[in-house]
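[1] attaching a predicted model along with its sequence, questions to come.
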Amino acid sequence: MGEQPVAANALVVGLLGPVDVVIGGVPAGIAQPALRALLATLALSANRVVPVASLIDALWQEEASRQRERNLHVQVHQLRRRLAELEPGAPASRIATVAPGYRLSLGEGELDVQAFTSLAACGRRLARDGDPAAAADALRQALDLWRGPALADVLQLSQQLSAGAASLNEQRLAALEDRIDADLAAGTGADLCGELTGLAARFPLRERLRGQLMIALFRGGQRGDALAAYQHARQVLRDELGLDPGPRLRALHQQILAGDTRLTRLAAAVAAPAARPGESPGHGPGGDRHDDPDDARGPAPGGGPRSAVGSPAAVAVLPRQLPAGVRHFTGRAAELAELDRLLGQRGEGTQGVTIAAIDGTAGVGKTALALHWSRRVAGHFPDGQLHVNLRGYDPAAVPVTPAEAIRGFLDALGVPPGQLPATPEAQAGLYRSLLAGRRMLLVLDNARDPGQVRPLLPGSPGCLVVVTSRTVLSGLAAADDAQPVSLGLLPGHEATALLTARLGVSRAAAEPEAVRQIVSLCAGLPLALAITAARAAARPRLPLAALAAALACEQDRLGCAGYRRAGHQRARSALLVLPPAERAGRPDVPAARRSSRTRHLAGGRGQHVRHIPLAGPADAGGAHRGEPALGAPAGPVCLPRPAPGLCR
C-alpha cells in the first residue's frame, strides 16, 4: 500500500487542485491557461484518444472548424514543447497524434487522480475485510493528495472541464465519507464532531454526513444536539428539495431517541448493512446509497413500509429490472471478453461513467448479448440494475423519450409520485443525484440515436451503461467515450451450436445434413435460427429436411424477385418464414414480401407457388400426418414447381 519513492525526474500531472505538472516532486508549472486547459482535457482521458471536436469544445466552446483545428494544432505543439522541456531525456513525446484526435500517455504513478482512486479503493477493500483503522489510514492518504478543488484554475473555461471537476470533487467527498465511516467503525466519535459540523454546513444536503454527525454527537454524550441535528437536516431537506429525510436517517433518529447503545460500539451496523464479499463497504448512517440487495432494515418508524426517498407510502425495493435472458445463449466469446474488459476498467482512474454501445443489424442478438452479460455480472452492482426498452426501432410504438425513461427510473428508485419534482429538468437532476456514488448497471435497449441516450447517463464512475442500437452510435463514442461492441452474424460452428441447443441434440444428430442446410440458409442470423427452431419444436414429427426445403424455396423466391442484398440475402429470406403479422414493419424484410405468399414470381412469368395448408388431411402414408409444415395458420409453406431457368 505504501507509495513508491519519487524518481529525481519523475513527471506527475496534477488535477486534484489547480492543474500542475510536478517534476521530481517539485512543481514545474505551465504558465498559459489555455495550455493548462488542454493538458487537463487530455489528462482526464489519459492514455485514450480525445477527438479533435471534444478538444475544440473544451478550449473554445465552439463547433469544429478548419480555423479552430489550426488553433488546436498550435496549442498541442506548444504543450508538447513544454513537456519536452520538462523531460529533456524522454525518448518520445507524451502527446501522440492518433486519429481522430490526440492521446496523452501517462504511466503508473504519473497522474494524481490515478493514485487517489487506487488508494481509495485500497481503503474500501480494507474496510470490507474488517480492518477499519487501516482503511481510514489508506483513505486519509488518498485525501492528502488533494491540493484544493479539482481543476480549480480551468474549470470555468468550459462546461466539459466543469463537469470533469464536479465528478472528481464528488469522488473526493465520497472518499471523505468513507474515511469517516472507517473512523467511526474503529471506535472514534466525539473528536469528529468539529470536522463533521463544518462538513454538514458546507454540504447541507448530504444525508450521510448528517447521520455521521448525529452518531459522533451521541457518542460524545450530546444526545440533545444529535436530535437537533436531525431536525435541522429535516428542515433543510424540506426547504430545499421538498423531501423528508431518507429511511436510514429516520431509523438513526429513532435509535437515538431510544438511546440504542449499539451506536456507541459500531457505527456501520446502524443503518448501513454489512457489505457482502466483493461489494462496497457500508456507506454509513443516513447514507445516500445502500448496498444490501435485500434491504433488510426492518419497517420504517411507525410501522409503515420504507421509501428510497423518505415517504412511508412506498416500499423501497432495490431495483433489479433485468428481464430474463435467453435460455440457449451461444458463442459471442470475443464480445463477452470485451464487455468484461470494460467492467474491469470501471472506476479505475476514470472520471465518467463506462459505456458499452452494442450495435448490429436487426435480429443479430444485441439484446440477448446485453442481457446475458448483464445478468452474469449483476453481482458487481450491489446498488441494483435498471433496464428500459427505448423502442427506437419499434414499428408498433413511438420511441420512449428521455423524460419518460427518467420518470420510470425514479419510480424504480423508490421516489413516490407525490415527491417528483415538477419539471423534467428537475427530475433529471434528482435522478443523477440518486445515482451519485452508487454502483449500478443500466441497460438502455433499442436506442435510436445518442440524443435518446445521453440524458440517461449517470455521472458516477461506479456505474456502467450498456446501450444497444441498430446503428453505430458514433456521436456517443466521440462525446461520451462510449466503447463500441459491434455484432456480426454468427459463424457456422456457433450457429450450429445454437440451432442444436434449440432443437435438441438427438433431433439434430438424426439429420445432420438438414441442420447444415438450415444453418446455411439462415446465414448466421440468431433471430432466423430461433424462429426456425421454434417452428420445428412446435412440429416434432416434421422432418428437418422439409424445413430446410421450405427455407430454400423462400430464398430462391427472394432471389428471383430481385431482392438480393450483399451478405444479407439469405438472412432476409430466413426471416420470411414468419407470419406476416410477426414480420410486419421489419426493415430487414422487403416491403414487397410482406403481403400474401400466394403470388406470381419474376414479374408474372408463369411460375406459380403451391402451398401446403396448415390444417387438413395429410398425404396418405406421410411420415408427419396432420403436421403443418411451417409457419402460423396464416403462413403456409411454399414448395416450388420446377420450371426451366426459374427458382432452381
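    Structure's in. What do you need?
[2] now for the closest residue to Trp146 other than its chain neighbours: which residues touch it?
    What sits nearest to Trp146 in space, not counting adjacent residues and going by CB to CB, 6 or more residues apart in numbering, is Leu16, at 4.6 Å. Heads up, the C-betas are built off the backbone N, CA and C, glycines and all. Leu16 makes contact with 112-113, 116, 145-148, 150, 168, 172, according to CB atoms under 8 Å, 6 or more residues apart in numbering.
[3] any idea of the pLDDT on Leu16?
    What the model reports as pLDDT for Leu16 is 95.
[4] inside helices: which ones of the contacts of Leu16?
    Using DSSP state H, the subset of those located in helices is 112-113, 116, 168, 172.
[5] now the buried members of the residues you listed.
    112-113, 116, 168, 172 (16 or more other CB atoms under 10 Å).
[6] okay, now the domains of this structure?
    Annotated domains of the chain cover 1-186, 188-318, 333-486, 499-640 [automatic domain parsing].
[7] I'd like those laid out as JSON lines, including distance to Arg327.
    Formatted as JSON lines, the domains of the chain follow (distance: least, CB to CB, whole Å):
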{"stretch": "domain 1-186", "distance to Arg327": "35"}
{"stretch": "domain 188-318", "distance to Arg327": "24"}
{"stretch": "domain 333-486", "distance to Arg327": "10"}
{"stretch": "domain 499-640", "distance to Arg327": "8"}
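[8] could you look up the SS state of His387?
    strand (DSSP: H, G, I helix; E, B strand; the rest coil).
[9] give me the number of residues near it?
    Using other CB atoms under 10 Å, His387 has 21 neighbouring residues.
[10] how about Gly259?
    10.
[11] surely it is in contact with Gly221?
    No - using CB atoms under 8 Å, Gly259 is not in contact with Gly221, being 11.7 Å away.
[12] neighbouring contacts of stretch 220-233?
    189-190, 193, 200, 204, 207, 210, 213-215, 217-218, 245, 249, 252-253, 256-257, 259, 286.
[13] now, the residues you listed that are in helices?
    193, 200, 207, 210, 213-215, 217-218, 249, 252-253, 256-257.
[14] please indicate which of the residues you listed are buried?
    For those, a neighbour count by 16+ other CB under 10 Å gives the buried set as 193, 200, 207, 210, 213-215, 217-218, 249, 252-253, 256.
[15] give me the most central residue, the protein.
    Val465 (1.0 Å; CA atoms, centre = their mean).
[16] quick one: contacts for that one?
    Here Val465 is in contact with 353-356, 441-444, 453, 456-458 (CB under 8 Å, 6+ apart).
[17] and if you look at Leu83?
    Taking CB under 8 Å, 6+ apart as the test, what Leu83 contacts is 11, 21, 90, 93-95.
[18] least confident pick among those residues?
    Within the contacts of Leu83, pLDDT is lowest for Ala90, at 78.
[19] so what does that residue look like in phi/psi?
    Note on Ala90: its backbone torsions stand at phi -70, psi 140 [degrees, to the nearest 10].
[20] what's the neighbour count on it?
    A count of neighbours around Ala90, defined by other CB under 10 Å, yields 12.
[21] ok, it - contacts?
    83-84.
[22] pretty sure Thr97 sits in a strand.
    Yes - the assignment for Thr97 is a strand, going by three-state DSSP.
[23] name the nearest residue to Arg510, sequence neighbours excluded.
    For residue 510 the amino acid is Ala, not Arg. Leu544 (7.9 Å).
[24] tell me which residues touch the one you found, please.
    503, 507-508, 510-511, 514-515, 518, 536.
[25] tell me which two in these are the farthest apart.
    Ala510 and Ile518 (13.4 Å; CB to CB).
[26] so between those two, which is more surrounded?
    Ile518 (28 against 13).
[27] packing partners for whichever strand or helix holds that one?
    Element membership for Ile518 (DSSP states H and E) is helix 512-522. Packing partners of helix 512-522 (3 or more CB pairs under 8 Å, 6 or more residues apart in numbering; DSSP states H and E): helix 492-503, helix 526-538, helix 544-560, helix 569-575.
[28] for my notes, please list the ones you listed in CSV and give distance to Ala405 for each entry.
    Formatted as CSV, the helices and strands packed on helix 512-522 follow (distance: least, CB to CB, whole Å):
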stretch, distance to Ala405
helix 492-503, 31
helix 526-538, 25
helix 544-560, 38
helix 569-575, 29
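[29] which one of these lies nearest to Arg238?
    Across those, closest to Arg238 is helix 526-538 (CB to CB), at 51.9 Å.
[30] could you check the angle that closest one makes with helix 512-522?
    Counting by axes from the mean of the first three to the mean of the last three CA atoms, to 10 degrees, helix 526-538 lies at 140 degrees to helix 512-522.
[31] could you say what helices and strands the helix or strand hosting Gly123 packs with?
    Gly123 is located in helix 112-128, with elements delineated by DSSP H and E. If contacts are counted by 3+ CB pairs under 8 Å, 6+ apart, helix 112-128 sits against strand 11-14, helix 132-144, helix 159-185.
[32] same thing but at 6 Å, please
    In terms of contacts (3 or more CB pairs under 6 Å, 6 or more residues apart in numbering; DSSP states H and E), helix 112-128 is packed against helix 132-144.
[33] kindly export the helix it packs on (C-alpha atoms) in CSV.
    This file holds the C-alpha atoms of helix 132-144, laid out as CSV (Å, rounded to 0.1, in the frame of the first residue of the first chain):
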residue,chain,number,x,y,z
PRO,A,132,-11.3,0.0,9.8
ALA,A,133,-8.2,1.6,11.3
ALA,A,134,-6.1,0.6,8.3
ALA,A,135,-9.0,1.6,6.0
ALA,A,136,-9.1,5.0,7.5
ASP,A,137,-5.3,5.4,7.1
ALA,A,138,-5.4,4.5,3.4
LEU,A,139,-8.4,6.8,2.7
ARG,A,140,-6.6,9.6,4.6
GLN,A,141,-3.5,9.1,2.3
ALA,A,142,-5.8,9.3,-0.7
LEU,A,143,-7.4,12.6,0.5
ASP,A,144,-4.0,14.1,1.3
